[in-house]
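[1] need the 3D shape of this:
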Amino acid sequence: MFSIIAAIGKNNALGKDNDLIFHIKEDMDFFRKTTTGHKVVMGSKTWDSLPTKLKNRENIVISRHNIPEADKTVNNLEDYIAKNIDTQEEIFIIGGGSIYAQFLPYAKHLYLTEVDSEPEADVFFPEFDKRFYRRKKIKHGKQGELEYSIVKYTKK
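    This is a model prediction of the structure:
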């Protein structure tokens with residue numbers, strides 16, 4: 001099963017200049033704890049933005065070009081989705097915007113840190129109809145002036 005994990009602003013802002021907009025410690029800790037031991041799937045720009053390969057996770061990169069440092073490079077997204085759509089294993093989609101958009105129809109869970117802010121961005125999380133999901137608040141917090149809620153949306 002596919003799950004999406006991201007931190008987004010009220011305007012669905014994800015990133016700017018190939019970097020995350022939000023650097024919230026509790027969100028980063030939640031991301032690490034939730035994805036450790038799982039496969040994480042990302043686009044090549046997200047891969048390039050990482051300081052190092054994500055430890056204790058299988059790093060899978062969607063790219064037309066082979067990326068030897070990744071654990072696996074996927075050249076055909078449709079085949080990858082078809083081969084993994086029915087697996088019981090939770091596979092995390094970690095970005096960027098176009099990768100989220102392509103996986104959104106197939107994702108059972110969305111783990112979103114919803115930040116009460118509307119920052120300037122050049123990459124956005126895709127719109128989705130919340131009527132088709134159950135929303136469960138995991139945690140509410142504040143870092144500096146930023147208030148946020150970590151929530152889990154489960155497709156009905």
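[2] what packs against the host helix or strand of residue 4?
    In the assignment (DSSP states H and E), residue 4 maps to strand 2-9. Using 3 or more CB pairs under 8 Å, 6 or more residues apart in numbering; DSSP states H and E, the elements in contact with strand 2-9 are strand 13-16, helix 25-35, strand 91-93, helix 97-103, strand 107-115. (Glycine included, C-beta is placed from N, CA and C.)
[3] ok, what's across the strand from residue 8?
    residue 114 (DSSP bridges).
[4] wait, I meant residue 61
    The partner residues for residue 61, given DSSP bridges, come to residue 42, residue 73.
[5] that one: neighbouring residues, count only.
    23 (other CB atoms under 10 Å).
[6] go ahead and confirm it touches residue 70.
    Yes: the criterion here is CB atoms under 8 Å, and residue 61 meets it with residue 70 at 4.3 Å.
[7] mutual contacts of these two, please.
    residue 47 (CB atoms under 8 Å, 6 or more residues apart in numbering).
[8] contact partners of stretch 99-107?
    Applying CB under 8 Å, 6+ apart, the external contacts of stretch 99-107 come out as 2-4, 6, 14, 41-43, 46, 62, 77, 81, 85, 93, 125-126, 128, 155.
[9] one more time with 6 Å, if that's ok
    Stretch 99-107 has contacts (CB atoms under 6 Å, 6 or more residues apart in numbering) with 2, 4, 43, 81, 85, 93, 125-126, 128.
[10] in PyMOL, select just the buried ones from those residues.
    Filtering these down to the buried ones (16 or more other CB atoms under 10 Å) takes a single PyMOL command:
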select buried, resi 2+4+43+81+93+125+128
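[11] which one is residue 117 nearest to, not counting chain neighbours?
    residue 9 (5.0 Å; CB to CB, 6 or more residues apart in numbering).
[12] for stretch 140-156, list the C-alpha coordinates in CSV.
    The C-alpha trace of stretch 140-156 is given here as CSV (Å, rounded to 0.1, in the frame of the first residue of the first chain):
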residue,chain,number,x,y,z
HIS,A,140,-0.8,19.5,17.8
GLY,A,141,2.2,21.6,18.4
LYS,A,142,4.0,24.9,18.1
GLN,A,143,7.5,25.8,17.1
GLY,A,144,8.3,29.5,17.4
GLU,A,145,5.4,31.3,15.7
LEU,A,146,4.4,28.2,13.7
GLU,A,147,1.4,26.2,14.9
TYR,A,148,0.8,22.8,13.3
SER,A,149,-1.1,19.6,13.5
ILE,A,150,0.2,16.2,12.5
VAL,A,151,-2.8,14.3,11.0
LYS,A,152,-3.5,11.1,9.2
TYR,A,153,-6.0,10.9,6.4
THR,A,154,-7.3,7.4,5.6
LYS,A,155,-9.2,6.8,2.4
LYS,A,156,-12.7,5.6,3.1
